[in-house]
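Trainee: Predicted model, plus sequence, below.
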Amino acid sequence: MTVLFVTGTGTEVGKTVVTAAVAALATGPVAVLKPGQTGVGPAEPGDAGEVARLTGRDLTLRELARYPEPLAPDTAARRAGLPTVRPQQAAEAVAELAKDHDLVLVEGAGGLLVRYDEDGHTLADMAIAAAGLGLEPSVLVVATAGLGTLNTTALTAEALAARGLPLHGVVIGAWPDAPDLAMRCNLADLPVAAGAPLLGALPAGCAATGGDPFVTAARTSLAPALGGTWDAAEFTAAHAAP
C-alpha cells in the first residue's frame with residue numbers, strides 16, 4: 001500500500017493531470033481523494049472525476065468537501081457557510097481507503113501551504129496526520145517548466161523538509177512542444193532545487209483525450225518510480241541548451 005500526496009508549486013500547474021497519469025499506470029486498486037474541491041457546483045464534475053475520465057479505469061473517488069467558488073478551501077468554505085476540512089478527517093479518510101487499495105492518491109488544492117480551515121491547517125498537516133495513523137505518506141510535487149519554477153520548487157521542498165515529510169520527486173505538469181532556454185536549463189536544475197529526482201514531464205495538451213492515448217502519454221512521460229518508462233537523463237540530454 002502506497003499513500004502519495006500530490007501538491008503543486010502553485011495553482012493551475014497540472015496536479016490533476018499528473019494525478020491521473022500516476023493512477024493510470026498503477027497496478028492494483030487505486031483510490032483518489034480530493035479533501036477540498038473548490039470552484040464547482042454540486043452537479044459538476046470535479047478533479048477526481050477528471051482523473052477517472054483521463055485514466056478510463058475503475059477508480060475509487062472521494063471528496064470530503066465541495067465549495068462553489070474557486071478560492072482557497074478555507075476562504076471558499078467561509079464564504080459559503082460550509083464546514084472546513086480538518087487534518088484528522090482527511091487522515092482518517094486516507095487510512096480507510098488504504099485498507100482496500102494498493103495506491104491512495106491525495107490531490108491538494110493549489111500549493112502545499114494553502115489553508116483548509118480557520119486554524120491554518122494545510123495539505124502538509126493532513127500528510128502529517130496520516131503519518132500519525134501509522135501510514136507512510138510521501139509527497140509528489142508538480143511544477144511548471146519555465147522561468148520562476150526553481151524558486152517555488154525549492155520553497156515547497158524546504159517546507160516539506162521542515163515538517164519531516166518525504167519528497168518523492170518532482171514532475172513537470174506541462175512540457176511544451178517548443179521549450180525555451182529557461183525550460184531546457186530547468187530540466188537539470190529542478191532536481192537540484194528540490195533535492196529530489198525529476199520523475200517526469202507530461203506533454204502539454206495530453207489531457208485532451210482520455211483513455212488509451214492518455215495512458216500511452218503517461219507511460220512515456222513518467223519515470224519507472226511512477227510506473228512509466230521515461231528516463232530523466234535521456235530527456236535532459238535531448239533538450240540540452242545549445
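Mentor: Done, it's in.
Trainee: Could you report the neighbour count for residue 118?
Mentor: 11 (other Cβ atoms under 10 Å). Using the backbone N, CA and C atoms, a C-beta is placed for each residue, glycine as well.
Trainee: Pull the contacting residues for it.
Mentor: Counting by Cβ atoms under 8 Å, 6 or more residues apart in numbering, residue 118 makes contact with 74, 78, 84.
Trainee: Please list only the buried members of those.
Mentor: Buried members of those, scored by 16 or more other Cβ atoms under 10 Å, are 74, 84.
Trainee: So which of the contacts of residue 118 sit within strands?
Mentor: Among the contacts of residue 118, no member falls in strands (criterion: DSSP state E).
Trainee: Nearest to residue 124, out of the contacts of residue 118: which one, please.
Mentor: The shortest approach to residue 124 among those belongs to residue 74, at 14.2 Å (Cβ to Cβ).
Trainee: where do the strands sit along this structure?
Mentor: Taking DSSP E, the strands of the chain run over residues 2-8, 30-34, 37-38, 60-63, 66-67, 103-111, 138-143, 167-175, 198-203.
Trainee: list the helices and strands the fourth one packs on?
Mentor: Spelled out, that is strand 60-63. Packing contacts for strand 60-63, counted by 3 or more Cβ pairs under 8 Å, 6 or more residues apart in numbering; DSSP states H and E, involve strand 30-34, helix 47-55, helix 87-98.
Trainee: Take the strands of the chain and lay them out in a markdown table including distance to residue 20.
Mentor: Conversion of the strands of the chain to a markdown table gives the following (distance: least, Cβ to Cβ, whole Å):
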| stretch | distance to residue 20 |
| --- | --- |
| strand 2-8 | 10 |
| strand 30-34 | 8 |
| strand 37-38 | 15 |
| strand 60-63 | 12 |
| strand 66-67 | 19 |
| strand 103-111 | 9 |
| strand 138-143 | 12 |
| strand 167-175 | 11 |
| strand 198-203 | 9 |
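Trainee: May I see those strands arranged in TSV, with mean neighbour count and distance to residue 129 as well?
Mentor: Output for the strands of the chain, formatted as TSV (neighbours: other Cβ atoms under 10 Å; distance: least, Cβ to Cβ, whole Å):
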stretch	mean neighbour count	distance to residue 129
strand 2-8	24	11
strand 30-34	25	13
strand 37-38	22	19
strand 60-63	16	16
strand 66-67	22	21
strand 103-111	26	11
strand 138-143	26	14
strand 167-175	24	18
strand 198-203	24	25
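Trainee: Adding distance to residue 222 and mean pLDDT as columns, could you present those strands in CSV?
Mentor: As requested, those are exported to CSV (distance: least, Cβ to Cβ, whole Å; pLDDT from 0 to 100):
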stretch, distance to residue 222, mean pLDDT
strand 2-8, 12, 97
strand 30-34, 14, 98
strand 37-38, 24, 97
strand 60-63, 21, 97
strand 66-67, 29, 97
strand 103-111, 13, 97
strand 138-143, 10, 98
strand 167-175, 7, 98
strand 198-203, 4, 98
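Trainee: Among those strands, which comes closest to residue 14?
Mentor: Residue 14 lies closest to strand 167-175 among the strands of the chain, at 2.1 Å (Cβ to Cβ).
Trainee: Name the surrounding residues that touch that closest one.
Mentor: 4, 8, 13-15, 17-18, 21, 138-145, 153, 157, 160-161, 183, 190-191, 194-205, 221-223, 225-226.
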